[in-house]
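**Student:** no FASTA, just this:
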C-alpha cells in the first residue's frame, strides 16, 4: 500500500472521560520513532499524538484500531482499547505553550501488533526545514480527523477535509511554533494531522520544477479563531465537546496548527520498546 492508501488508518477517534466525569472527543494519530533500525537491538516508540488540551484532566481514553494481517487492513473490523489512568501513559510537550501530548501505547502495540493494521507516521514524513520553505501560502493541505465526532462507523474511517495554508508554515506565527490554515475546524478536530499535498507540478523555493505526488506532515490542528458575543476575534482551542444551546461564538474558519517539527521534542522523553 502506498502512503495515500494508508492515510485513512493513520488516525483514530479518541473518546475521553475526565476526572470530573465529562465526556469529550478528539483525534489522535499513530507515530513512532525508530532506533537502531536493522540491528539486533532494534526498538521503536509507538505513540498516539494529539493536543495537550484533549488529554488534560483525562482519566480514561478509549480508541479503536483496525485489524489486519499480512500488512493489509481488514476494513471494518476493529479492536477496542481503553486506557484507564490515562495520565500515567501521557507525556505532555516539555513547553507548556505547545499544544501537544503523546500517549505511550507501546505495551498494547507490542502485544497485539501482529493482529492490527497500524501505519505509523515517522520523522521521515515530517517536512524538514527546506521542505517547509517550499510550502508557501495558499498551499493545499489535507486535515484528517473526526469533526463533530463524524466518521464512517461501519468501516471505521475518518473524515478528510481540504484547505490551504493561510500563513507561511516555515515562519513562526506571532513568534510561536504555529501557522494558520484556512479550513473549517469543529469539535473533534483537535489533534488532526495536517498534511501538505502536491499532485502534479511541484515548484521548490529555489525555482526547480518537478512532477509527481508529494505529501508531508506539517502540522497538528490545535485552535481556531472565533467571534465572541461582543464581536471580538479571539483564538480558542478547538472544543472537544459538542453541545446544544445558544451559539455565542462563531468560527471564522481560520485554524491554528502546531508545527509538526515539535513532535521531535518527544524523542528523548520516551523509552524504546523492543521489536
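**Tutor:** Thanks, I have it. Remember, predicted model here, so these are calculated numbers, not experimental data. Residues are numbered from 1 along each chain as shown.
**Student:** how's this structure carved up into domains?
**Tutor:** 3-123+262-274, 125-261 (automatic domain parsing).
**Student:** And these, which one averages the lowest pLDDT?
**Tutor:** Of all those, domain 125-261 carries the lowest average pLDDT, namely a mean of 81.
**Student:** can you map out the strands along the stretch 51-200 of the chain?
**Tutor:** 58-69, 72-84, 90-92, 101-104, 140-145, 159-165, 178-182, 193-203 (DSSP state E, counting those that start in this stretch).
**Student:** I'd like to know which elements the first one is packed against.
**Tutor:** The criterion is 3 or more Cβ pairs under 8 Å, 6 or more residues apart in numbering; DSSP states H and E, and the helices and strands that strand 58-69 contacts are strand 11-18, strand 72-84. The C-beta positions use only the backbone N, C-alpha and C, and glycine is treated the same way.
**Student:** Pick the most deeply packed of those strands.
**Tutor:** strand 11-18 (a mean of 22; mean count of other Cβ atoms under 10 Å).
**Student:** other SSEs contacting the helix or strand following that strand?
**Tutor:** Sequence-wise, the next helix or strand downstream of strand 11-18 (DSSP states H and E) is strand 23-35. Here strand 23-35 touches strand 11-18, strand 43-50, helix 52-55, strand 140-145, going by 3+ Cβ pairs under 8 Å, 6+ apart.
**Student:** Kindly reformat the ones you listed as a markdown table containing distance to residue 164.
**Tutor:** Listed next are the helices and strands packed on strand 23-35 as a markdown table, based on distance: least, Cβ to Cβ, whole Å:
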| stretch | distance to residue 164 |
| --- | --- |
| strand 11-18 | 21 |
| strand 43-50 | 23 |
| helix 52-55 | 25 |
| strand 140-145 | 6 |
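**Student:** Between those, which one is closest to residue 198.
**Tutor:** Residue 198 lies closest to strand 140-145 among the helices and strands packed on strand 23-35, at 7.3 Å (Cβ to Cβ).
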